[in-house]
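Peer 1: when you get a sec, could you give me coordinates for this:
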Amino acid sequence: MPSQVPEPANGQSYEPRRPERTLLYRLVSDHLETFLEQARESHDRGLPRYVERELRKYLKCGIHAYGFLRALCKSCGRSLLVAFSCKRRGVCPSCNARRMCATAAHLVDRVIPDVPLRQWVLSVPFELRLTLARRADALSAVGRIFVEEIFRWQRERAREWGIAQSRSGAVQFPQRFGGSLNLNVHYHVVVPDGVFTRLTAAEHAEFHRLGQPDPTDLADIAFNTSMRVQRWLQRKGLLADPDEVHFSNETPERAALDACLEGSIGLGDLTCLPDDADAGARAGGDEPPRPERRARRGGHHRGFDVHAGVVVAASNREGREKLFRYCARPPLSLERLSVTAEGMVAYRLRKPWNPEQTHRVMTPMQFMARLAALVPPPRHPLIRFHGVFAPHSAWRSSVVPVCPGAAQSEPTAGGSIMPDAENDLKAKRSKAPRGDGSAALTHQVNESPDDPSPSSAGPLHAARHTLAAGSGYIDWAELLKRIHDVDVLACPCGGRLRFIALVTEKETAQTILEAMGLPTEAPPIARARSPDFIDDPAPDW
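Peer 2: Residues are numbered from 1 along each chain as shown. Take a look at the predicted model:
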């Protein structure tokens, strides 16, 4: 059977991911059962089902033995297998990166007009972070209050400039993580650096840029946000005394997830690994020292910090997409994860403040506890739209851009579909099974051999015309071309790879995998072991 990896003529090739070879996969597969067993034995309640489901689904993500899509070039017979993805929101780096890139592309192409954008960041007190991590209503309320205070400031500034009946919009990204696998619930909000007005509901809205907020404005927003959040907590019974500094985070019984959250909230013990020779360069090297946190642009009040120093120009489309990727970024980077000679897990800080504190070193059980703490619970949103960008806003149609591909409903020339959308593909199988035991795909593609080649546009905007009518979803192949400038479905012979079958039956999958020289069995998952066997101390999460 032909090779698995296409080799495009442009010099850039697609290498199918092998998650079982990554350090994260080995750590989770080696210690998951032990971690779950210790959680059940050491606490009143074990981990919630959504956390266990997240970790188990990750161990199946990208593994061909659990099923895959098969693509075939009719010209030369070259095959490509694309394994199913888990589509989870917390641990899987691949699915999180795919979601990050797709979200940013969708926002730039179909939601945000060509206007300057400002990033607003809200950090909350340490005592409040546990409440926000546990309660979806508190997470939503604090984000809504912060956005409303930004809108209030914009309306007041607009009235000072003689702009009446103005409207604002925002895209909010609640994040649960910090730069060292710590639980740090905070908010990134991308707001147009101005307001919108219109005379009638039928016309396109006009944008009016406002001046940048000064330190006094940021301090007022921080103060108002703090006071309103305090009143909301009082109404919900989470803060009894108005003058009390600390927020109530007591739970009626000790649960495993509570231990994970409480053990992950701080930075903890940081150190520098002996073999980390370039730590000084990453920590700053000869660069001037960073200013103190309170000396940077921002407003502060009782642990609420507001920063608004990042602005992207209206003409910088690439910068806007990078900004949205940053706001939607995943919590874990595989490049910063390592294991020491003693078997400890080390995670390198992205921007260490001290050259002597560049890594967080943990036991495997502590690492698993931090992964569990970073999994977003159900109904904890990863993105929210406010103001004119809200789905049911009467202003949305007057503000959002008109996508050039909105009127196109036919697929792309490559005939690609979304290989990670297993549920969608199951609905598109033909009624009769194929002779080899796989299911044929019945999606409509242009079978003409004179198909035009993909657009030669740059990687950033290569997929703007591939959006289906009424949907902002960009398929797998086009998203890779947009981000990495790699045409996955281009065959060296000049033809195109097309998805022809959805393989889910174990016997059929093993036959195909064996013929292509790929592993036919899923990687084993280690059984639960006692802490003495793995030389770990008692679970102190």
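Peer 1: what separation do you get for Val306 and Ala528?
Peer 2: Distance, Val306 to Ala528, by C-beta to C-beta, to the nearest Å: 46 Å. Where C-beta positions appear, they are placed from N, C-alpha and C, glycine not excepted.
Peer 1: and the contacts of stretch 388-396?
Peer 2: Residues outside stretch 388-396 that contact it (C-beta atoms under 8 Å, 6 or more residues apart in numbering): 111-112, 167-171, 196, 198, 201, 205, 385, 387, 398-400.
Peer 1: now the buried members of these.
Peer 2: Using 16 or more other C-beta atoms under 10 Å as the burial test, the contacts of stretch 388-396 include 111-112, 167-171, 196, 198, 205, 385, 387, 398-400 as buried.
Peer 1: identify the farthest-apart pair in the residues you listed.
Peer 2: Spatially, the most separated pair among those is Val171 and Arg198, at 20.3 Å (C-beta to C-beta).
Peer 1: the more surrounded of Val306 and Ala528?
Peer 2: Higher neighbour count among Val306 and Ala528: Val306, with 29 against 15, using other C-beta atoms under 10 Å.
Peer 1: elements contacting the helix or strand that one falls within?
Peer 2: Applying DSSP states H and E as the criterion places Val306 in strand 304-312. Judged by 3 or more C-beta pairs under 8 Å, 6 or more residues apart in numbering; DSSP states H and E, strand 304-312 is in contact with strand 117-123, helix 215-235, strand 299-301, helix 317-327.
Peer 1: can you do 7 Å?
Peer 2: strand 117-123, helix 215-235, helix 317-327 (3 or more C-beta pairs under 7 Å, 6 or more residues apart in numbering; DSSP states H and E).
Peer 1: from those, which stretch is densest packed?
Peer 2: strand 117-123 (a mean of 22; mean count of other C-beta atoms under 10 Å).
Peer 1: tell me the average confidence for that one?
Peer 2: Mean pLDDT, strand 117-123: 97.
Peer 1: given it, what are its sheet partners and their directions?
Peer 2: Here strand 117-123 is paired, per DSSP bridges, with strand 183-192 (antiparallel), strand 304-312 (antiparallel).
Peer 1: next SSE downstream of it?
Peer 2: Later in the chain than strand 117-123, the nearest helix or strand by DSSP H and E is helix 126-134.
Peer 1: where along the stretch 51-200 of the chain do the helices fall?
Peer 2: Here the stretch 51-200 of the chain has its helices, by DSSP state H, counting those that start in this stretch, at 93-110, 126-134, 136-160.
Peer 1: over to the stretch 251-400 of the chain?
Peer 2: Here the stretch 251-400 of the chain has its helices, by DSSP H, counting those that start in this stretch, at 256-264, 279-283, 317-327, 364-374, 396-399.
Peer 1: confidence-wise, which of these is weakest overall?
Peer 2: Here the lowest mean pLDDT among those goes to helix 279-283, at a mean of 47.
Peer 1: and the furthest pair within the contacts of stretch 388-396?
Peer 2: Between any two of the contacts of stretch 388-396, the greatest separation by C-beta to C-beta is 22.7 Å, found for Val171 and Ala201.
Peer 1: of all the helices of the stretch 251-400 of the chain, which lies closest to Lys60?
Peer 2: With C-beta to C-beta as the measure, helix 364-374 is the member of the helices of the stretch 251-400 of the chain nearest Lys60 (16.2 Å).
Peer 1: what does that closest one rub up against?
Peer 2: For helix 364-374, contacts defined as C-beta atoms under 7 Å, 6 or more residues apart in numbering pick out 27, 31, 35, 38, 47, 51, 90-91, 176-177, 181, 183, 257, 260-261, 263-264, 331, 345, 536, 539, 541.
Peer 1: report the inter-axis angle for that helix versus strand 183-192.
Peer 2: Interaxial angle, helix 364-374 versus strand 183-192 (axes from the mean of the first three to the mean of the last three C-alpha atoms, to 10 degrees): 40 degrees.
Peer 1: got the domain boundaries for this protein?
Peer 2: Residue ranges for the domains of the chain, per automatic domain parsing: 19-91+409-515, 112-252+290-329+377-399.
Peer 1: tell me where the model's unsure across the stretch 351-500 of the chain.
Peer 2: 403-472 (pLDDT under 70).
Peer 1: the strands in it, which residues?
Peer 2: Taking DSSP state E, counting those that start in this stretch to define them, one finds strands in the stretch 351-500 of the chain at 359-362, 384-387, 439-440, 497-503.
Peer 1: what lines up beside the longest one in the sheet?
Peer 2: What it means is strand 497-503. With DSSP bridges as the test, strand 497-503 is paired with strand 68-73 (antiparallel), strand 439-440 (antiparallel).
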